[in-house]
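In: Pasting the sequence and the predicted coordinates here, then a few questions.
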Amino acid sequence: MDTLTTYRSIVGDMGKLASALSLLGWDQQTHMPTKGVAIRSQVTGKLSKMQFELLTSDELGTCLAELRTANGLSELERASVRRVGKDHDRNRAIPAELIEEQSIAQTQAQTAWIAARQASDFGAFRPHLEKMVGYARKFAEYYGYEEHPYDALLEDYEPGMTCRKLKAIIEPLRAELVPFLRQLMEKGTRPDASLLDGTFDAETQRRLCRRALEVIRYDFEAGGLADVAHPFTTTIGPGDVRITNRYLEAHLLSSVFGALHEGGHALYNQGMPEELYALGIARGSSNGIHESQSRMIENQVGRSLPFWTFFQPVLAEFFPQFKKAKAKDLYAAANVVSPSLIRVEADEVTYNFHIMVRFEIEAGLLDGSIDVADLPRLWNDAMKRYLGVVPPNDAQGVLQDVHWSMGYFGYFPSYMLGNLYAAQMFRTLRKELPTLDKSIQAGNFEPLLGWLREKVHRYGAAYEPQELMKRITGHELDGSHFVSYVTEKYGAIYRL
Ligand code: ZN
């Protein structure tokens, strides 16, 4: 067998294991009975181990070494060798015992975090968090970095991103948006959202969300919709990309925007050709780029006036009390800004501040300039500086996210980068599709999807984020597009 055939066979096997693990994970969060946990964790443990062994195998290493300098590979094959090669190198860099040790500590830290958050007791979580930071620092040393240990971890989520680059992105964003938020709150006219008050039947919401997903061209023959507490999207393989959502009877728009957000993620994976699956690159260019696809459908599209002009009569089919509602009032009500304590509930203007708080802390933990013991105080200080609010307790403050208990340091910036990528891409999209508003207003989402398929989806992880951004928009990430998007939109809604 030639090297490329062997390579494709190993990568293909890894893909099959990944598919099985995705399906098991999806089932675990949607349908699995509680008594199924024990056997399920044994099965996923075994499959994960097999997957890890293939990824770090000498056989794959030999193939990669040859293919890295081989001629005659297709563009996608070269991309596969680059990205799978990077995963191979990074996973081989960490001693197997350390990975196992960290994974046990992770399970304990997660259990401790759940209890600590419930009791709002940071002290109970602190020793576990110290351990997780310790592992993150060790991993960073094994991975290697040029400037900052945080850079080594960012690479997992956002290839090519560094602490220095993030600071350069955040600084002007903060300088523009902190005073803008203050202006909105002090001088702006807050939209009246009272037309959304009420109780909205969950089953009717479920049907409405299904319709919203059909509208944006999510393919139900290549997916499905299930209920969960914390919505997510899972890719089982080409032709099987599943969405989950939740329905709060007091918050109608929460499920609608949840569906649009997860739908945006799902369209990305549904738009990846089968060849990408065969080559192990049927995933997002980065977490941030994946998030850009969900944010764009949720915010740039779903929170726009053209969308609500189209969607108001659709909404009224399901909830007749909106028959006489005006599109512009629904649009305004969907765009209320309020500085709040919880990241996942944040609006477009304040969301990135929540990430800046976490980035400052994570970078400090990694380079040793911040001690875990000081986190509650530092967290509250930063919330005050960015958002002007201070959590009444640690449950609503430093303990709110699961990420650190899982050892995911370097993950948060991708959420912010997703917002910034989305704004920049959408600017180009608008230029290239000058009739976009008209088609959205008419309920025709085909031109939008066609553009995303052509520019983003079909490449999967073939290009790293900055290269993809250059190909699409002509330049690397530039946060000023987000600033102008947000200040123009919310300046008008708040009548500044
Ligand atoms: Zn998302």
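Out: Ah, there it is. What you see is a predicted model; the values in this text were computed from it and never measured.
In: for the stretch 101-250 of the chain, what spans make up the strands?
Out: With strands called from DSSP state E, counting those that start in this stretch, the stretch 101-250 of the chain shows them at 223-227, 233-237, 240-245.
In: Helices of the stretch 1-150 of the chain, start to end?
Out: 3-30, 37-55, 58-67, 75-93, 96-119, 122-143, 149-157 (DSSP state H, counting those that start in this stretch).
In: Name whatever forms a beta bridge with residue 251.
Out: Beta-bridge partners for residue 251, by DSSP bridges, are residue 248.
In: what pLDDT does it get?
Out: We have a pLDDT of 96 for residue 251.
In: what's the burial count for it?
Out: 16 (other C-beta atoms under 10 Å). Every C-beta, even on glycine, is put in place using the N, C-alpha and C of the backbone.
In: Distance check, it against residue 211.
Out: Using C-beta to C-beta, to the nearest Å, residue 251 is found at 18 Å from residue 211.
In: quick revisit: for the helices of the stretch 1-150 of the chain, which one ends up most surrounded?
Out: helix 149-157 (a mean of 23; mean count of other C-beta atoms under 10 Å).
In: name the helices or strands packed onto that one?
Out: Applying 3 or more C-beta pairs under 8 Å, 6 or more residues apart in numbering; DSSP states H and E, one finds that helix 149-157 contacts helix 122-143, helix 163-187, helix 351-367, helix 413-432.
In: Out of those, which gets nearest to residue 8?
Out: For residue 8, the closest of the helices and strands packed on helix 149-157 is helix 122-143, at 27.1 Å, according to C-beta to C-beta.
In: and the closest one with helix 75-93, angle?
Out: 120 degrees (axes from the mean of the first three to the mean of the last three C-alpha atoms, to 10 degrees).
In: Compile the helices of the stretch 1-150 of the chain into a markdown table and extend it with columns for distance to residue 310 and mean pLDDT.
Out: Below are these laid out as a markdown table (distance: least, C-beta to C-beta, whole Å; pLDDT from 0 to 100):
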| stretch | distance to residue 310 | mean pLDDT |
| --- | --- | --- |
| helix 3-30 | 31 | 96 |
| helix 37-55 | 42 | 91 |
| helix 58-67 | 48 | 98 |
| helix 75-93 | 36 | 97 |
| helix 96-119 | 40 | 92 |
| helix 122-143 | 46 | 97 |
| helix 149-157 | 35 | 97 |
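In: could I get the ones you listed as TSV with distance to residue 228?
Out: Listed next are the helices of the stretch 1-150 of the chain as TSV, based on distance: least, C-beta to C-beta, whole Å:
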stretch	distance to residue 228
helix 3-30	6
helix 37-55	16
helix 58-67	34
helix 75-93	28
helix 96-119	17
helix 122-143	25
helix 149-157	23
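In: between those helices, which one is nearest to residue 322?
Out: It's helix 3-30; of the helices of the stretch 1-150 of the chain, that one is closest to residue 322 (C-beta to C-beta) at 30.0 Å.
In: Quick one: list the elements packing against that closest one.
Out: When contacts are defined as 3+ C-beta pairs under 8 Å, 6+ apart, helix 3-30 packs onto helix 37-55, helix 58-67, helix 75-93, strand 223-227, strand 233-237, strand 240-245, helix 274-278.
In: Output the ones you listed in JSON lines, with distance to residue 13 appended to each entry.
Out: Listed next are these as JSON lines, based on distance: least, C-beta to C-beta, whole Å:
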{"stretch": "helix 37-55", "distance to residue 13": "6"}
{"stretch": "helix 58-67", "distance to residue 13": "10"}
{"stretch": "helix 75-93", "distance to residue 13": "12"}
{"stretch": "strand 223-227", "distance to residue 13": "24"}
{"stretch": "strand 233-237", "distance to residue 13": "13"}
{"stretch": "strand 240-245", "distance to residue 13": "18"}
{"stretch": "helix 274-278", "distance to residue 13": "11"}
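In: now the helices and strands packed on helix 149-157 as JSON lines including distance to residue 49?
Out: Formatted as JSON lines, the helices and strands packed on helix 149-157 follow (distance: least, C-beta to C-beta, whole Å):
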{"stretch": "helix 122-143", "distance to residue 49": "19"}
{"stretch": "helix 163-187", "distance to residue 49": "33"}
{"stretch": "helix 351-367", "distance to residue 49": "28"}
{"stretch": "helix 413-432", "distance to residue 49": "27"}
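In: nearest to residue 454, of these?
Out: For residue 454, the closest of the helices and strands packed on helix 149-157 is helix 413-432, at 9.8 Å, according to C-beta to C-beta.
In: Go through the helices and strands packed on helix 3-30 and name the closest to residue 138.
Out: Set against residue 138 and scored by C-beta to C-beta, those come closest in helix 75-93, at 11.0 Å.
In: Report the distance from that closest one to the chain centre.
Out: Helix 75-93 has its average C-alpha position 22 Å from the chain's average C-alpha position, going by C-alpha atoms, centre = their mean, to the nearest Å.
In: between that helix and helix 37-55, how big is the angle?
Out: 110 degrees.
In: ok so, going back, for the helices and strands packed on helix 149-157, which one sits closest to residue 299?
Out: Closest among the helices and strands packed on helix 149-157, using C-beta to C-beta: helix 413-432, at 6.9 Å.
In: Would you mark the buried spots in the closest one?
Out: Under the neighbour-count criterion of 16 or more other C-beta atoms under 10 Å, helix 413-432 has 413-429 buried.
In: just stretch 176-183 next, same as before
Out: Those buried within stretch 176-183 under the rule 16+ other C-beta under 10 Å are 176-178, 180-181.
In: so for that stretch, what's the average pLDDT?
Out: The pLDDT scores in stretch 176-183 average 97.
In: Then stretch 352-367?
Out: Here the average pLDDT along stretch 352-367 is 98.
In: quick one, domains of the chain?
Out: Per the record, the chain has its domains at 3-120, 163-493, by automatic domain parsing.
In: Most tightly packed of these?
Out: domain 163-493 (a mean of 19).
In: Tell me the span between the first and last residue of stretch 26-46.
Out: 17 Å (C-alpha to C-alpha, to the nearest Å).
In: Can you pull out the residues in contact with that stretch?
Out: Contacts of stretch 26-46 with the rest of the structure, by C-beta atoms under 8 Å, 6 or more residues apart in numbering, involve 21, 24-25, 226-228, 232, 234, 236, 242, 244.
In: With respect to residue 439, which of those is nearest?
Out: Distances from residue 439 to the contacts of stretch 26-46, taken by C-beta to C-beta, are shortest for residue 242, at 27.6 Å.
In: Residue 256 versus the closest one, what's the distance?
Out: 19 Å.
In: May I have the distance across stretch 402-418, first residue to last?
Out: End-to-end for stretch 402-418, by C-alpha to C-alpha: 19 Å.
In: same check, this time on stretch 460-475
Out: First residue to last in stretch 460-475 (C-alpha to C-alpha) measures 19 Å.
In: Then stretch 52-65?
Out: 19 Å.
In: From the chain's centroid, how far away is the helix or strand hosting residue 258?
Out: Using DSSP states H and E, residue 258 falls within helix 252-270. Relative to its parent chain, helix 252-270 has a centroid offset of 12 Å by C-alpha atoms, centre = their mean.
In: for stretch 197-210, same thing?
Out: 25 Å.
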